[in-house]
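Asks: turn this into a structure:
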Amino acid sequence: MPQEILVLAWGAALVIVQIFLAGHLKTKQYGADWNIGARDEPMPPLEPVPARARRAQDNMMETFPVAVAALLGVVVAGRSSDVSVIGAWLWLAMRVVYVPVYLLGIKGLRTAIFLVSMVGLLMVLVPLLGG
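Replies: Purely as a prediction, here's the structure:
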């Protein structure tokens, strides 16, 4: 199996982890009745850590479609290379590290990690675009 596809599968697993993490932290604040209810009533703002978990999940959901297109595309187009494999693993590693750094609220580091993850995606995307 191409490494980019393996990275894509682990990326999908990370999406699931982030969905459940954000949901767990939100339920911890609002309670089980809120979780199993219709959620029609307005709720107070999320506390900092659950809010960060939600924003980290949102960020992943915004960038994951690009990763899917790049990782699948490079394999389907037959443009997989050492560079695209390194870029794929770099993207995934940075996405994994991003979550706890964001939850801890480490100013500046979160942005740097995000940017490195984007460099990883570009390493996959450039060969796909013919570069």
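Asks: so which strand or helix has V17?
Replies: Secondary structure from DSSP states H and E places V17 in helix 3-30.
Asks: avg pLDDT for that helix?
Replies: Regarding helix 3-30, the rounded mean pLDDT is 97.
Asks: and the next element down the chain from that helix?
Replies: Counting by DSSP H and E, what follows helix 3-30 is helix 32-36.
Asks: quick one: furthest residue from the center of this protein?
Replies: Ranked by distance from the centre of the chain (Cα atoms, centre = their mean), the top residue is E41, with 29.3 Å.
Asks: could you check the distance from that one over to A53?
Replies: Per Cβ to Cβ, to the nearest Å, E41 is found 22 Å from A53. Glycine gets a C-beta too; all of them are placed from N, C-alpha and C.
Asks: T111 too?
Replies: T111 is 17 Å from A53, where distance means Cβ to Cβ.
Asks: flag the shaky bits of this structure, pLDDT-wise.
Replies: 131 (pLDDT under 70).
Asks: please, where are all the helices along it?
Replies: Using DSSP state H, the helices assigned to the chain run over residues 3-30, 32-36, 48-76, 82-104, 109-128.
Asks: take those helices and write them to TSV, including mean neighbour count.
Replies: TSV is the format used below for these (neighbours: other Cβ atoms under 10 Å):
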stretch	mean neighbour count
helix 3-30	16
helix 32-36	11
helix 48-76	17
helix 82-104	19
helix 109-128	18
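Asks: ok, the closest residue to G73 other than its chain neighbours - contacts?
Replies: Spatial nearest neighbour of G73, chain neighbours left out: L128 (4.8 Å); criterion: Cβ to Cβ, 6 or more residues apart in numbering. By Cβ atoms under 8 Å, 6 or more residues apart in numbering, the contact set of L128 is 70, 73-74, 77, 79, 84.
Asks: what residue is smack in the middle of this protein?
Replies: For the chain, M60 is the residue whose C-alpha lies nearest the centre (Cα atoms, centre = their mean; 3.1 Å).
Asks: ok, that residue to P42 distance?
Replies: M60 is 26 Å from P42, by Cβ to Cβ.
Asks: contacts only, for S81.
Replies: Here S81 is in contact with P127 (Cβ under 8 Å, 6+ apart).
Asks: and it, how close does it get to A93?
Replies: Distance of S81 to A93, computed by Cβ to Cβ: 18 Å.
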